[in-house]
Every structure is written in C-alpha cells, then in structure tokens.
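J.: Got a predicted structure here, sequence first:
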Amino acid sequence: MPELWMERWLQRRHGANGPLKLLLRATPRILAGGIIAVVAVSFMAFDAFSLPSRKTVRSASAAVIFTGQFERVDAGLRLLEAKDVPRLYISGVNAGAGILLANFVNQFSTRNPEIVDLRQLVQCCVELGEHANNTLQNARDAQCWVERRGVTGPLLLITSEQHMARAMAALSGTLPSFRIIPYPVHDSSQPLVGSARLRGYFAVVATFVAVRLPLLGMARQIYGPFAEGCRSSDQNVAGTGTR
C-alpha cells in the first residue's frame, strides 16, 4: 500500500524518528490546529467590514440591496443620486420588510428630502423585487435580475454591517464568478454581541454550506418562490435604464 511504502522509505531515508517521519505523525494534529485557528480568526473577523473607497464603489456595474432596515435603501438611493452607481436593484420590497411597493417613492422621499426628484430617479434607474423573504431568497432574486439584465461587472452589495457576511456568503454562492463589493450600512439592527454574535457566525457558516450543497428536499422551504428558478414576475420594475 502507498502509505506503508512511504513509511518504509522514510525509515530508510531518515531513520525511525527522522524529521519527515515526525512531520508525518504530526500532520493530523497540525491540520486540526490549523482548522481551529482558521475558525477562531474567521469568528473574530466575520463581521469586520468597512466602507469601500468612492473609486471602488464607482467600479461597480450595479448595486444590489438586501432589504431589512430602511437605512440600507437610503444608502443605495443616495449613491444613485450621487451617480456613484449607475443602477440599483432592491430585493425584498414587501410588507415583511416594512416597505410598501405601491408607496415606495412617497415612503423614501420623506426619508431623503435632499433627493430632489426621487420619482424620476426611481423611474430611471431602480428596480424592485418583492418576492424574497430571507437572505438566500435575496441572493437568488439578485441572481435572476443580474441574468435578466445581462449585468457582467462587479456588484456593490448594500446591507447592514451585521448582515453583510451572511449576504456575501449567499450572493457569492449564486454568482460565483462575480466580484462582490461589500458596502456595509450602520443601521438600527441590533449589534451582534455575546451569544447573538455566535449565532450570527453559525448563520454565516450555514449559509455558506446551504448554497454549495444539495438541500435534500428543503429547497422549497428555504428558497420559497425561487425554489424552481427565476420567476417571470420577479421584476416589479420601476425603471430599466441607466444615466
């Protein structure tokens, strides 16, 4: 057997306790220690995101928002108004997120009075998707929009600081060939501390696994309306062009 041959060769070459033999014996412990170190480092840094430079933001071909708190939408609309991004897709515009599709312009005009004509901005360069109700559905919804619109360049992902790692894991799973630029927003989400931070970390790990492994019959439960692919009615379109 190869392992036995290797062991005998090492004994002849370096002696029973030669350096390579000792390394071979220590390999499982080294791997285990390495895995523990990676987990520890990733846990310490999984929610450590900072705002990208304006130059990096402007390199994006489009911005995608995973809804939740309103501040995420505010940030995306302001970037669009400043012409830092050419177009915007907002996934999860529904009552569950507290956003009313039919009243979107009025709702966010009140929150963003510095945007002179939000209705025109939305008609020009914003599209709204109402069907997604969780992070994995947001990612599948965004994937459908990207494919429908033929977007090919980097994507700016806008969501909260606490939600970013999970959103990145989901979106990079559905769009593995895309560069995803995180744009974390400080919003009214509860900060992840103590046991909540540990749960948040495991949610990121679970999301990473879910988008890469078969769901064993759970696709309908997890992906809901996107379980069987994209929907022709996903695009509650407010606008299709770019400036």
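T.: In hand now; what should we look at? Numbering: from 1, shown residues only.
J.: Could you report the separation of Glu71 from Glu130?
T.: Here the criterion is Cβ to Cβ, to the nearest Å. By it, Glu71 lies 20 Å from Glu130. C-betas here are computed from N, CA, C, even on glycine.
J.: of those two, who's got more company?
T.: A direct count of neighbours by other Cβ atoms under 10 Å for Glu71 and Glu130 places Glu130 higher, at 23 against 16.
J.: State the distance from Ile181 to Ser61.
T.: For Ile181, the distance to Ser61 (Cβ to Cβ) stands at 10 Å.
J.: Give me the common contacts of those two.
T.: Any residue near both Ile181 and Ser61 by Cβ atoms under 8 Å, 6 or more residues apart in numbering counts here, and that gives Pro154, Leu155.
J.: Which is the succeeding secondary structure element to the host helix or strand of Lys55?
T.: Element membership of Lys55 [criterion: DSSP states H and E] is helix 54-58. Using DSSP H and E, the helix or strand that follows helix 54-58 towards the C-terminus is strand 62-66.
J.: That following strand: which residues count as buried?
T.: Burial within strand 62-66, assessed by neighbour count using 16 or more other Cβ atoms under 10 Å, is assigned to Ala62, Ala63, Val64, Ile65, Phe66.
J.: Wait, Ala63 touches Ser91, no?
T.: No. Taking Cβ atoms under 8 Å as the definition, Ala63 is not a contact partner of Ser91, at 11.3 Å.
J.: what's the overlap in contacts for these two?
T.: In contact with both Ala63 and Ser91: no residue, using Cβ under 8 Å, 6+ apart.
J.: residue boundaries of the helices in the protein?
T.: When secondary structure is read from DSSP state H, the chain shows helices at 2-14, 19-45, 54-58, 70-81, 104-111, 118-125, 135-149, 164-174, 194-210, 219-223.
J.: By mean pLDDT, show me the worst of those.
T.: Mean pLDDT is lowest for helix 19-45 among the helices of the chain, at a mean of 45.
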